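1. Got a predicted structure here, sequence first:
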Amino acid sequence: MAPFTPGSKLLLSCLLCCLGACSGGGSTDGPNVPTAAPAEPPSSTETPATQTELDKATARMIEDGMNVPLAYRHPDQGFAVSTTLAQEFIDRYNQAHEFIQSRIGGYPNWNTVITDEDGTDSDNQPVFELLEEIGFLNYDDVPWTTQRVLDTAGCLTGSAPNGGWSEAGENYVQHSLCMLFNGPFENEYKNDPWYWDAFPDLDFIDGEYYHRWLLDFGFLDGMYHEYFHHYQRAHVLTAHSGDSAEEPFFPFWWGEGSGQFAGWFYRDNWKEIAYLDYLNPEHPDYADYWETRDWTIPTPNSNPPYNSLQDHLDYMVATQNKSFFFAASQVQNTSNKLGGVGNGGVDDDDNCEGWVASHSNTAYYPDDSRYEYEPGQRSCWAIMFVAGPHFLAYKSSWQAALRDIPADYFELGFWGSVEKHTGLNQQQFFDEFNALLRSVDAESIEEDYAPEGWKTPNMPMTTVVDFMTIDYYQPGD
């Protein structure tokens, strides 16, 4: 088994982002995704004129069906690739999104481009055309080139081609955009200079690379996560504007943490994805892939050797369900504490003993200047990031945590929606969370212990959470 370390967290994060450019401030996830028009300056009061424009912008988004899921991949989405990308990788993208959107819902204005980072501008002309069509960075009168894509790429980023809501009013349109590259699709990383240039600090023995299965599933994991952000945004509509614009509409721990359940999402139905057939020993064309792996090659956040991709997905779910022990053992600083779960972990140099979750240390991205922490506890945000969504489900249900909170937060705000479904206001929510982590002796419980209702159920996610019947906001409700 490859145990969790801060290094393995970095490696897995690279896996999830490798196909795109997961840059920092330029590609923030969630409803605060940068748009093609600069953000409005925050204001403590709305004038009647600006409130009218906001209402018009909201009406336009509703008219466009932004928050209405289809049971299939939405036709009003953009997808453009370089002329050099092989058809098999185009098929791979299509298979991924047909699978994801038929379960979470197809929402309009999701866009993806795949650029040949070593190609000519002519090779990437289809990419440039889509970027122009959705008005990405259209406030700069600069022509698109391959280099400009490399300089501005992000996943997830976005655009508002007609300007911000106060400028566009009834013409307000909002797009999500994920910008990916050919190289990681086409090459093993050991042969791909782009990968080493993009992630120069990885501690790899020269020539090592990830297994193909981990790359192929990493793409699915990343697509689920980023599309989940698009789903979150679809139900925000314009609620993140106006009075609340100076604060994140929903906190970091939920915005990012609730998108960490790819293992559960794929576990029960992954065999329906054709490009994964080579990982399925039950498939008639299976050719002993697992039996021929060299397990000395690193496989971070995994537990090989495996006999099927199913083994890895089961491991992901089992690890996610250690979130209660991780959180409790960290705040109690027990000798048996768990270093991390999935993409969230506490640095070895930090000590989270006595850490108490609050708005100021869980609402913001860790690189946000508003993020507050005590010396030696900078990475303790991971406790809420990992355990917060589980606690929300524990106090309500998984359907509420992943579906009903988004359904209600346009009208009620994030914390108003939480209060509706848990009966707890913000302070009570944090108080109960902090108390629960100290209600057990983490030194004496098993790693897989959790209070009833905390763990993800042993059923398909979309059986437990019916995304398609979300009670999305409609005027007059």
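-> The structure has been received and is ready for your questions.
2. Just to be sure, Leu180 is in a strand?
-> Yes: Leu180: assigned to a strand according to DSSP: H, G, I helix; E, B strand; the rest coil.
3. what is it paired to in the beta sheet?
-> Beta-bridge partners for Leu180, by DSSP bridges, are Gly20, Ile114.
4. Would you agree it is in contact with Glu117?
-> No: taking CB atoms under 8 Å as the definition, Leu180 is not a contact partner of Glu117, at 10.0 Å. In short, each C-beta sits where N, CA and C put it, glycine included.
5. More neighbours: the two, which one.
-> Leu180 (28 against 23; other CB atoms under 10 Å).
6. distance of the more buried one from Leu85?
-> Separation of Leu180 from Leu85 (CB to CB, to the nearest Å): 10 Å.
7. Now list whatever residues contact both of those two.
-> Common contacts of Leu180 and Leu85, defined by CB atoms under 8 Å, 6 or more residues apart in numbering, comprise Ile114.
8. and this protein, what are its domains?
-> The record, using automatic domain parsing to delimit domains, assigns the chain the ranges 6-246, 251-477.
9. By mean pLDDT, show me the worst of the ones you listed.
-> Comparing these by mean pLDDT, the weakest confidence falls on domain 6-246, with a mean of 80.
10. Can you list the buried residues in stretch 86-104?
-> 89, 92-93, 95-97, 99-104 (16 or more other CB atoms under 10 Å).
11. can you check stretch 116-136 too?
-> Taking 16+ other CB under 10 Å as the basis for neighbour counts, the residues of stretch 116-136 that come out buried are 116-117, 119, 123-124, 126-128, 130-131, 134-136.
12. Adding distance to Gly158 and secondary structure as columns, could you present these in JSON lines?
-> Conversion of the buried residues of stretch 116-136 to JSON lines gives the following (distance: CB to CB, whole Å; DSSP: H, G, I helix; E, B strand; the rest coil):
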{"residue": "Asp116", "distance to Gly158": "23", "secondary structure": "coil"}
{"residue": "Glu117", "distance to Gly158": "21", "secondary structure": "coil"}
{"residue": "Gly119", "distance to Gly158": "24", "secondary structure": "coil"}
{"residue": "Asp123", "distance to Gly158": "25", "secondary structure": "coil"}
{"residue": "Asn124", "distance to Gly158": "20", "secondary structure": "coil"}
{"residue": "Pro126", "distance to Gly158": "19", "secondary structure": "helix"}
{"residue": "Val127", "distance to Gly158": "16", "secondary structure": "helix"}
{"residue": "Phe128", "distance to Gly158": "17", "secondary structure": "helix"}
{"residue": "Leu130", "distance to Gly158": "13", "secondary structure": "helix"}
{"residue": "Leu131", "distance to Gly158": "12", "secondary structure": "helix"}
{"residue": "Ile134", "distance to Gly158": "9", "secondary structure": "coil"}
{"residue": "Gly135", "distance to Gly158": "10", "secondary structure": "coil"}
{"residue": "Phe136", "distance to Gly158": "8", "secondary structure": "coil"}
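13. Out of the residues you listed, the closest to Thr296 would be?
-> Set against Thr296, the nearest of the buried residues of stretch 116-136 by CB to CB is Glu117 (30.0 Å).
14. Just give the closest residue to the closest one, not the sequence neighbours.
-> Distances taken as CB to CB, 6 or more residues apart in numbering put Phe181 closest to Glu117, at 4.8 Å, once the chain neighbours are dropped.
15. List the residues that contact the residue lying closest to Leu131 once chain neighbours are set aside.
-> Using CB to CB, 6+ apart and skipping residues adjacent in sequence, the residue nearest Leu131 is Trp144, 5.7 Å away. Contact partners of Trp144, counting by CB under 8 Å, 6+ apart, are 121, 127-128, 131-132.
16. now, among the buried residues of stretch 116-136, which is nearest to Asn269?
-> Leu130 (29.9 Å).
17. Surely that closest one touches Ala80?
-> Yes: between Leu130 and Ala80 there is a contact at 3.8 Å, judged by CB under 8 Å.
18. Need the overlap of contacts for those two.
-> Overlap between the neighbourhoods of Leu130 and Ala80 consists of Val113, taking contacts as CB under 8 Å, 6+ apart.
19. now the nearest residue to Asn111 once chain neighbours are set aside: how far from His175?
-> Counting by CB to CB, 6+ apart, Asn111 lies nearest to Gly78, which is 3.7 Å off, once chain neighbours are set aside. Separation of Gly78 from His175 (CB to CB) stands at 8 Å.
20. Who has more neighbours out of the two?
-> With neighbours defined as other CB under 10 Å, Gly78 and His175 compare such that His175 has more, 24 against 17.
21. Please state the backbone phi and psi of the more buried one?
-> Geometry field for His175 lists phi and psi as phi -120, psi 150, criterion degrees, to the nearest 10.
22. Could you list which residues are in contact with it?
-> 78, 109-111, 134-136, 158-161.
23. Show me what it bridges to in the sheet.
-> Ser159.
24. Can you add distance to Pro305 and give the buried residues of stretch 116-136 back as JSON lines?
-> Compiled in JSON lines, the buried residues of stretch 116-136 are given as follows (distance: CB to CB, whole Å):
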{"residue": "Asp116", "distance to Pro305": "36"}
{"residue": "Glu117", "distance to Pro305": "34"}
{"residue": "Gly119", "distance to Pro305": "38"}
{"residue": "Asp123", "distance to Pro305": "40"}
{"residue": "Asn124", "distance to Pro305": "40"}
{"residue": "Pro126", "distance to Pro305": "42"}
{"residue": "Val127", "distance to Pro305": "40"}
{"residue": "Phe128", "distance to Pro305": "45"}
{"residue": "Leu130", "distance to Pro305": "42"}
{"residue": "Leu131", "distance to Pro305": "43"}
{"residue": "Ile134", "distance to Pro305": "44"}
{"residue": "Gly135", "distance to Pro305": "49"}
{"residue": "Phe136", "distance to Pro305": "44"}
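25. and which of those is nearest Ala234?
-> Ile134 (15.8 Å).
26. OK, contacts around the closest one?
-> Contacts for Ile134 (CB under 8 Å, 6+ apart) come out as 78, 109, 111, 159, 161, 175, 177.
27. from the residues you listed, which ones fall inside strands?
-> Under the assignment DSSP state E, those contribute 78, 111, 159, 175, 177 to strands.
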